[in-house]
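Chemist: next input, structure requested:
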Amino acid sequence: MSSLIGKVLAKANSAPPVPFAGRGFLRQSMMDGGADPTSYMRAYGASGTVFSIVSMLARQTAKKQWHLFRQQPQDGRRRYTTGDKGSDERVEVVKHLAIDVWKRPNPFMSGFQLREIAQTYLDLTGESYLVVQRDSRATFPTGLWPVRPDRIDPIPSRDDYLAGYVYRGPSGEAVPLQPNEVIQIKYPNPFDPYHGLGPIQAILVDIDAARYSAQWNRNFFLNSATPGGVIQVDKRLSDDEWNEFTTRWRETHRGLGAAHRVAVLEQGAQWVPNAMTIRDMDFGNLREVSRDVIREAFAMHKAILGTSDDVNRANSVTAQEHFESFLLTDRLDRWRDTLNCNFLPLFGSTGEGVELDYEDPVTSNREADALELQSKAAAAKTLVDAGYEPHAVLETVGLPDMDVVEKATQTPALPPGWVTAPAPGEEETAPAAPGSAAAALLREGIDNAQRWVAVAHLDDNTCQPCRDNDGKTYKNREQAYRDYPNGQGFKDCIGAEYGKACRCKVVKRRKDNDETNDALEALMARQLAWNRAGA
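Modeler: Sure thing, here's the model as predicted:
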C-alpha cells in the first residue's frame, strides 16, 4: 500500500509548481562569459596541485567497497537501532543485479575505474554523468558508461522540469537520451539548477596565474638570459637593417647556451632594461600563494599531499581524520544518495526495499576507541546499578550482548574437595557437607543467579513437554529464547499436533533477596580464603 502511495505521489510531484526553464537555455557559465567544462578539465593537466588533489580524492573515493542491504528485517517488523556499527540490523543482499552492475559496469571497466573517472569529472566540473546501457530483451539496466561532462547537456522542460539529455559525440553527432537513461551527480549551483558548480570554477583565475608564471619562467630560459628590455636607436632602420639586427641578436643571445654573453651595440644604439626584474615579480611566492588558494578551495590539508615543511604528528593525524571524515565521507554520501534515488529504481520491484551503502572510510583510532569503550562501559554500569535490565542496557549504549552474571556468581563454583577456611578468631571447620544448610544456601544463591524462568500454563490441554519444562531457569535472555523463540512457545511443545497453540513463555525473575546474597557472598569468601591458605 505504501509503495502504491509513493508511486502516486512521485507521479503527482513530477511537474514543478513554478517554471525552472525559459524559452531558450544555455549554460550559465557561458551566459556570463565564463569558461566551459573543457577549460575546467584542462586545469587537471595544467596545475600539479590540482592534479594531486583531484586524483587523490578520486582514488580514495573509488577504492571503497559497496554493499547492498535490505532496509528492514525479513519479518517485516520495524526495528530502531542506536546508530552504532555493532547494532546495525540490516541484512546484506549478496546476489542482486544492481550490485553486479555497480561492481562491473561494462566489459571494459571495473567498478573502481568507473568511480575514479566519474569522481574526477565531478571535482573538476562540478558534475558527472553515467549513461545507462540497456538490452532490448531486459527491463533492467545492463551496464553503466561514464561520459565527458562537456559533451552532454540536460534539456530543461517548462512542464516536467527535465525533458531529457543530449549527448554530442566526437564527430558532432547528437544523441537524445531519456531522463531514465542518464544518472547525473552534481554539486549545487546557485545560478543553474541543471548544472553543477565545482571548486575549479571558483579558482580558475588563480590556476591560470600559476600556469602563466610557470610559462613565463620557462620562456625566460628559452628566449633570453636576462629579463626583457628595449634597444633604443636614434634613427629609423630600414627593413634590411632591422632583419639583420634581430637575426644577429637572436643567434648571439637566445637560449641557455648564450646566457650572459656580452652584447655589442652599433651606431649609437642603447640598451634600456626593463624596470621590473624577475626578483621583483617574485614568481616563487606567487606560485606558493596559488597552491594555498587551490588547497583552500578543496578544503585539503597540505599534509595529505605530502608537504611536510611544518607538519608534526598531531596535525598530521588531524589532517587524516579531516580527510576521511569530511572529504571522503561527504563524497561517498553524495554517491550513496544518487544511487539509491536514481539507480536502484531502474531495477523495478527488485530495487525496492534495498539500499546501497559504502564501507566506513574512517580509519580506526585506537585511543579514541578505547575512550569510547570506557565511556560506554561506565554508562552501562551506571544504568545496571540503577536497576535496569543488563541486556537492554548493552543494546542501549551500543555494546555487544554478553553473558551477564550476577554478583553472587562472579566467584567460580566450588570444586569437590574444597574446604572452608576459618574466619579470624574462629576454629577451623570442615567444608560444607552436601546436605548442610551452607551447601543449600550456596545452591540457592547459584540458582538465584538464573535470571529467566519458564512458566507453563497448566490445565488439561497442557502437553507433557511443557509440564516437564515448567520452572526451568536460564542464565540470560539468549539462553531462554533458544527454548522459547521470541519469549513464548516452547520449542518442544506437541500441542500443534492436536490443533492447540503453545501458551507457555519465559519471564524475567525478580532480583535476589539481599540477605541471601550477603550470606552467600560471605560463605564463598571464607571458602576461597581457606583453600588459598591450604595451597
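
Chemist: for the stretch 151-300 of the chain, which spans come out with low pLDDT?
Modeler: 219-230, 232, 234, 251, 253-268, 270-287 (pLDDT under 70).

Chemist: show me where it has its helices.
Modeler: 199-223, 239-253, 278-281, 283-298 (DSSP state H, counting those that start in this stretch).

Chemist: which of the ones you listed sits closest to Ala43?
Modeler: Judged by C-beta to C-beta, the one of the helices of the stretch 151-300 of the chain that comes nearest to Ala43 is helix 199-223, at 5.0 Å. (Each C-beta comes from the backbone N, C-alpha and C, glycine too.)

Chemist: re earlier: so for Gln479, which of the helices of the stretch 151-300 of the chain sits nearest?
Modeler: helix 283-298 (54.3 Å).

Chemist: need the pLDDT of Tyr481.
Modeler: If you check Tyr481, the pLDDT there is 87.

Chemist: next, count neighbours for it.
Modeler: Here the number of neighbours of Tyr481 (other C-beta atoms under 10 Å) works out to 16.

Chemist: what about it, is that helix, strand or coil?
Modeler: helix (DSSP: H, G, I helix; E, B strand; the rest coil).

Chemist: and for Val132?
Modeler: Applying three-state DSSP: Val132 is strand.

Chemist: what is the neighbour count of it?
Modeler: With other C-beta under 10 Å as criterion, Val132 counts 21.

Chemist: and for Phe343?
Modeler: Phe343: 20 neighbours (other C-beta under 10 Å).

Chemist: pretty sure it is touching His96, no?
Modeler: No: taking C-beta atoms under 8 Å as the definition, Phe343 is not a contact partner of His96, at 11.9 Å.

Chemist: looking at the protein, which helix or strand is least sure?
Modeler: Ranking every helix and strand in the chain by mean pLDDT, DSSP states H and E puts helix 28-31 at the bottom, with a mean of 40.

Chemist: list of residues touching the helix or strand just after that one?
Modeler: Using DSSP states H and E, the helix or strand that follows helix 28-31 towards the C-terminus is helix 37-46. The contact list for helix 37-46 (C-beta atoms under 8 Å, 6 or more residues apart in numbering) reads 50-51, 54, 120-121, 124-127, 148-150, 198, 200-201, 204, 207, 211.

Chemist: buried residues in helix 37-46?
Modeler: Within helix 37-46, the residues that count as buried by 16 or more other C-beta atoms under 10 Å are Pro37, Ser39, Tyr40, Met41, Arg42, Ala43, Tyr44, Ala46.

Chemist: adding distance to Met109 and pLDDT, write those out as a markdown table.
Modeler: Below are the buried residues of helix 37-46 laid out as a markdown table (distance: C-beta to C-beta, whole Å; pLDDT from 0 to 100):
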| residue | distance to Met109 | pLDDT |
| --- | --- | --- |
| Pro37 | 21 | 87 |
| Ser39 | 26 | 88 |
| Tyr40 | 23 | 91 |
| Met41 | 19 | 93 |
| Arg42 | 23 | 90 |
| Ala43 | 24 | 89 |
| Tyr44 | 19 | 92 |
| Ala46 | 26 | 85 |
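
Chemist: state the pair within those residues that is farthest apart.
Modeler: Pro37 and Ala46 (14.6 Å).

Chemist: output the below-cut-off pLDDT ranges for the stretch 1-150 of the chain.
Modeler: For the stretch 1-150 of the chain, applying pLDDT under 70 flags the ranges 1-14, 22-35, 72-89.

Chemist: tabulate the buried residues of helix 37-46 in JSON lines, adding columns for distance to Pro190.
Modeler: As requested, the buried residues of helix 37-46 are exported to JSON lines (distance: C-beta to C-beta, whole Å):
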{"residue": "Pro37", "distance to Pro190": "18"}
{"residue": "Ser39", "distance to Pro190": "20"}
{"residue": "Tyr40", "distance to Pro190": "17"}
{"residue": "Met41", "distance to Pro190": "22"}
{"residue": "Arg42", "distance to Pro190": "24"}
{"residue": "Ala43", "distance to Pro190": "21"}
{"residue": "Tyr44", "distance to Pro190": "24"}
{"residue": "Ala46", "distance to Pro190": "26"}
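
Chemist: of the residues you listed, just say which sits nearest to Phe347.
Modeler: Closest approach to Phe347 among those (C-beta to C-beta): Pro37, at 30.2 Å.

Chemist: apart from its chain neighbours, what residue comes closest to that closest one?
Modeler: Asp150 (3.9 Å; C-beta to C-beta, 6 or more residues apart in numbering).

Chemist: also Gln119?
Modeler: Ala58 (4.2 Å).

Chemist: touching, that neighbour and Leu114? I think so.
Modeler: No: taking contacts as C-beta under 8 Å, Ala58 lies outside contact range of Leu114: 11.1 Å.

Chemist: quick one on the thing from earlier: list the contacts for the residue nearest to Gln119?
Modeler: Arg115, Glu116, Ile117, Gln119, Thr120, Asp123.

Chemist: can you name the next helix or strand after the host helix or strand of it?
Modeler: When elements are assigned from DSSP H and E, Ala58 belongs to helix 48-62. Under the assignment DSSP H and E, the closest C-terminal helix or strand after helix 48-62 is strand 66-70.

Chemist: using PDB, list the CA coordinates for that following strand.
Modeler: Below are the C-alpha coordinates for strand 66-70, written out as PDB (Å, rounded to 0.1, in the frame of the first residue of the first chain):
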ATOM      1  CA  TRP A  66      29.900  -1.100  -1.600                       C
ATOM      2  CA  HIS A  67      27.300  -3.400  -0.300                       C
ATOM      3  CA  LEU A  68      23.600  -3.800  -0.900                       C
ATOM      4  CA  PHE A  69      21.300  -4.100   2.200                       C
ATOM      5  CA  ARG A  70      17.700  -4.800   2.800                       C
END
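
Chemist: run through who's touching that strand.
Modeler: 90-93, 96, 98-99, 102-103, 111, 353-359.

Chemist: before we move on, what about stretch 128-138?
Modeler: Taking C-beta under 8 Å, 6+ apart as the rule, stretch 128-138 contacts 105-106, 114, 118-119, 121-122, 141-147, 149, 152, 165, 167, 177, 180-186, 346.

Chemist: got the CA coordinates for that stretch in CSV?
Modeler: In CSV, the C-alpha atoms belonging to stretch 128-138 read as follows (Å, rounded to 0.1, in the frame of the first residue of the first chain):
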residue,chain,number,x,y,z
SER,A,128,29.4,13.9,-13.6
TYR,A,129,27.2,11.7,-15.9
LEU,A,130,26.7,8.0,-16.3
VAL,A,131,24.8,6.7,-19.3
VAL,A,132,22.7,3.7,-18.6
GLN,A,133,23.1,0.8,-21.0
ARG,A,134,20.1,-1.4,-21.7
ASP,A,135,19.3,-4.6,-23.6
SER,A,136,16.1,-4.8,-25.6
ARG,A,137,15.4,-8.2,-24.1
ALA,A,138,15.6,-7.0,-20.5
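
Chemist: show me which residues of that stretch are buried.
Modeler: The neighbour-count check on stretch 128-138 (16+ other C-beta under 10 Å) flags Ser128, Tyr129, Leu130, Val131, Val132 as buried.
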